[in-house]
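> Sequence and predicted model, in that order:
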Amino acid sequence: MKAAIVTILLLLGWAETSFSQVAVIAHKSVPMDTIKKSELLDFYTGDIKKWNAAQAVVRLDLKARSDTKKAFYKFLGKSPSRMKSIWLKKMLSGEGDPPLSMHSEDALLQKVASTPGAIGFVSQRRATGDVKTLFLIEKEK
Amino acid sequence: MNPCCKKLKTPSMIANKMTFLCAIVFLLVSFTAVPNSFPQDKEAPIKIFGYFQNSFQQWTTFQSRPKQNSFSLQQLNLLFQKDLGTNWTAFIDFEFLNNFSSGRQWGSAKLEEAWVKYRANMRFNLKLGLLVPIFNNLHEIKNRTPLLPYIIRPLAYETTFSEFIPIEVLTPVRAFAQVYGFFPVGEAKFDYAAYVGNSPNINNDPSFTQTGIDTTSTFLFGGRLGLRYGELKLGLSATYDKDNSAEVLAPELDISPTELSAIPKIRLGGDLSYSFADFSFESEFIKASLERESPKLERNLDFYYATLGYNLTEALFIYGSYWFLDSHTAILALPGDSIEEDEDIKTTTFGASYNMMDRVRFKAQFARVKLDHESQLLPAGVVTRVEDDFSVFSLAVSVFF
């Protein structure tokens, strides 16, 4: 009985850990299997616009504030408002558009799965086999 | 040389030229090959967007000016952007200043930018056309009011004051070809930019020749080298051109205008910005100098600014800033007889900006300005000095649409 309780508690702990991660996901066609923080930052700031010579990076963002969004940008070392300022600067200088904003994580997941070159982020529990998971970010508790 | 040989050589020279032209055409065609073009059914739409800033400013009395209150449409920019292909973008920026009205002769309207950009990769970008060149940190975005917390910008960049601040001497306002990019080294990025444009000798007399063009054979050359590491950004900028603006002094000095033409002008700039937690700091210096030994003529402009800001919340930003503009002009009127003028403008300013939403930003700013102007007529030693100070209080709403 004790062993069963311990097992359940451990499983709950594992589940809690997995729920508290953000998955950086990409379309299956992208030529990377993992991604470094600096590369992710370069993609999201728009400094780098292509995966390779042929494939453009399609960046996706979440419209509403959420723990997932907060954890993602905190990992990148920028607040959402700082990122908006960077995107606005690029846009007003003719250097590129801001990421596409999606209303929900499900919509973002579907868009990544159906758009070659797309990259985005969702809670790990939402990530499916339709997309490639490039990186896992731990959320702070 | 034997004329016979000359005749024989001419066709081969033509052939060489043809080969050279063919090579250039081939390169151009390769550059713009089909994969880079949009098929007509997938042509990217033209994007039209822009921004404006409406302000209220109250100026206290200074020199002979009475106290004044005024609302104004300080600036309106209309931007047009179209992706012409995978690597090609066209961009146009129309700018209207100070309640522009041609009917009432208010303000000004100008084509600020019209360029096409080729982006090979992060290391190499090429812009061709009328463009705002990269110089220091703030220059390129000085007129992007939604990005800036200021209502009145640091003086070297305050385009609405161009009637009395020599902005075009302090900064390279326009260029026509620019290459730029960055090289990542570990976590650091090394930025570079190099550009060429007209000298400032632009004709505005229709009876002389075509207006709006450079009437000399000299160019503006400039560039910036910079480093980005995390939130640290720094760089050094420089430009070189030749200026004919002193020619207007020739009749007063009783010399030929050509003796005051093509005066070398050098600008040097440095910028440093850094963000830490909710604090941000940015600073710049600009030194612009025109000098000629004989007849002696020198004009030196020094500008510095530093701003310390703090994000009280995600939406509310407060800052304090100090600006210093020093201008020195010396003209040798006659042998042993010269006029020297020194002018300092020192500004201490505080402000706040609040992002009501992503596209609407409210701003408030207070500035205390001290003017000190001194002119000396040598060797007579006649000195005229004017000191004054005044305050400016302003409110604004900046809208991006």
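Looks like it came in fine.
> Determine how far stretch B:86-106 lies from the middle of the whole chain.
With C-alpha atoms, centre = their mean, to the nearest Å as the basis, stretch B:86-106 stands 15 Å off its chain's centre.
> Over to stretch B:194-205?
Here the centre of stretch B:194-205 is set off from its chain's centre by 12 Å, with C-alpha atoms, centre = their mean.
> Which stretches in chain A count as strands?
A:21-26, A:58-62, A:100-102, A:118-123, A:132-138 (DSSP state E).
> Can you tell me which of those is nearest to chain B?
Closest approach to chain B among the strands of chain A (C-beta to the nearest C-beta): strand A:100-102, 10.2 Å. Every C-beta, even on glycine, is put in place using the N, C-alpha and C of the backbone.
> Sort out which residues of stretch B:217-229 are buried, please.
B:Thr218, B:Phe219, B:Leu220, B:Phe221, B:Gly222, B:Gly223, B:Arg224, B:Gly226, B:Arg228 (16 or more other C-beta atoms under 10 Å in any protein chain shown).
> Would you convert the strands of chain A into TSV that also reports distance to B:Leu268, mean neighbour count and mean pLDDT?
TSV is the format used below for those (distance: least, C-beta to C-beta, whole Å; neighbours: other C-beta atoms under 10 Å in any protein chain shown; pLDDT from 0 to 100):
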stretch	distance to B:Leu268	mean neighbour count	mean pLDDT
strand A:21-26	43	24	95
strand A:58-62	37	21	95
strand A:100-102	42	16	95
strand A:118-123	41	25	96
strand A:132-138	43	17	92
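> Please render these as TSV that adds distance to chain B to the earlier fields.
Converted to TSV, the strands of chain A look like this (distance: least, C-beta to the nearest C-beta, whole Å):
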stretch	distance to chain B
strand A:21-26	19
strand A:58-62	12
strand A:100-102	10
strand A:118-123	17
strand A:132-138	17
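> can I get those in TSV with distance to B:Thr329?
Compiled in TSV, the strands of chain A are given as follows (distance: least, C-beta to C-beta, whole Å):
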stretch	distance to B:Thr329
strand A:21-26	58
strand A:58-62	51
strand A:100-102	53
strand A:118-123	56
strand A:132-138	58
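> What is the helix or strand where B:Phe303 lies packed up against?
Following DSSP states H and E, the helix or strand that holds B:Phe303 is strand B:297-311. Packing contacts for strand B:297-311, counted by 3 or more C-beta pairs under 8 Å, 6 or more residues apart in numbering or on different chains; DSSP states H and E, involve helix B:167-170, strand B:279-292, strand B:316-334.
> near chain B, which residues of chain A?
A:38, A:42, A:47-50, A:56, A:77, A:79-82, A:84-85, A:88-89, A:91-94 (C-beta under 8 Å from any C-beta of the partner chain).
> before we move on, back to that, ok, the strand holding B:Phe303: who's next to it in the sheet?
strand B:279-292 (antiparallel), strand B:316-334 (antiparallel) (DSSP bridges).
> buried residues in it?
For strand B:297-311, by 16+ other C-beta under 10 Å, it's B:Leu297, B:Glu298, B:Arg299, B:Leu301, B:Asp302, B:Phe303, B:Tyr304, B:Tyr305, B:Ala306, B:Thr307, B:Gly309, B:Asn311.
> Go through the residues you listed and name the one nearest B:Ser283.
Lowest distance from B:Ser283 to those (C-beta to C-beta) belongs to B:Ala306, with 3.9 Å.
> Could you report the neighbour count for the closest residue to the closest one other than its chain neighbours?
The spatial neighbour of B:Ala306 that comes closest, neighbours along the chain excluded (C-beta to C-beta, 6 or more residues apart in numbering or on different chains), is B:Ser283 at 3.9 Å. When neighbours are counted by other C-beta atoms under 10 Å in any protein chain shown, B:Ser283 registers 20.
> residues touching B:Ser283, list them.
Neighbouring residues of B:Ser283 by C-beta atoms under 8 Å, 6 or more residues apart in numbering or on different chains: B:Asp271, B:Leu272, B:Ser273, B:Tyr304, B:Tyr305, B:Ala306, B:Thr307.
> quick check, nearest of the residues you listed to chain A?
Of the contacts of B:Ser283, the one sitting nearest to chain A (C-beta to the nearest C-beta) turns out to be B:Ser273, at 12.7 Å.
> Can you report how many residues lie near that closest one?
19.
> Show the contacting residues for the residue of chain A found nearest chain B.
Residue nearest to chain B within chain A (C-beta to the nearest C-beta): A:Gly94, separated by 3.6 Å. A:Gly94 makes contact with B:Leu79, B:Gln81, B:Thr89, B:Phe91, B:Glu113, B:Trp115, B:Lys117 under the criterion C-beta under 8 Å, 6+ apart.
> and if we set it to 6 Å?
When the contact criterion is C-beta atoms under 6 Å, 6 or more residues apart in numbering or on different chains, the partners of A:Gly94 are B:Gln81, B:Phe91.
> now do A:Pro31
A:Trp51, A:Asn52.
> again, only using 10 Å
For A:Pro31, the contacting residues are A:Trp51, A:Asn52, A:Ala54, A:Gln55, A:Gly117, by C-beta atoms under 10 Å, 6 or more residues apart in numbering or on different chains.
> Please list only the buried members of those residues.
The buried subset of those - by 16+ other C-beta under 10 Å - is A:Trp51, A:Gly117.
> Okay, and which of the contacts of A:Pro31 map to helices?
In helices, defined here by DSSP state H, there are no members of these.
> backbone phi and psi for B:Pro172, please?
phi -80, psi 100 (degrees, to the nearest 10).
> Give me the most central residue, chain B.
B:Val173 (3.1 Å; C-alpha atoms, centre = their mean).
> that's a strand at it, yeah?
No. Applying DSSP: H, G, I helix; E, B strand; the rest coil, one finds B:Val173 to be coil, outside a strand.
> Report the separation between it and A:Gly129.
55 Å (C-beta to C-beta, to the nearest Å).
> Would you check that B:Lys346 makes contact with B:Ser321?
No. Applying C-beta atoms under 10 Å as the test, B:Lys346 and B:Ser321 come out as separate, 11.8 Å apart.
> For the two, work out which one has more neighbours and name it.
Per other C-beta under 10 Å, whichever of B:Lys346 and B:Ser321 has more neighbours is B:Ser321, with 22 against 15.
> Tell me, how many residues neighbour B:Gly103?
5.
> same deal with A:Phe72?
By other C-beta under 10 Å, 25 other residues sit near A:Phe72.
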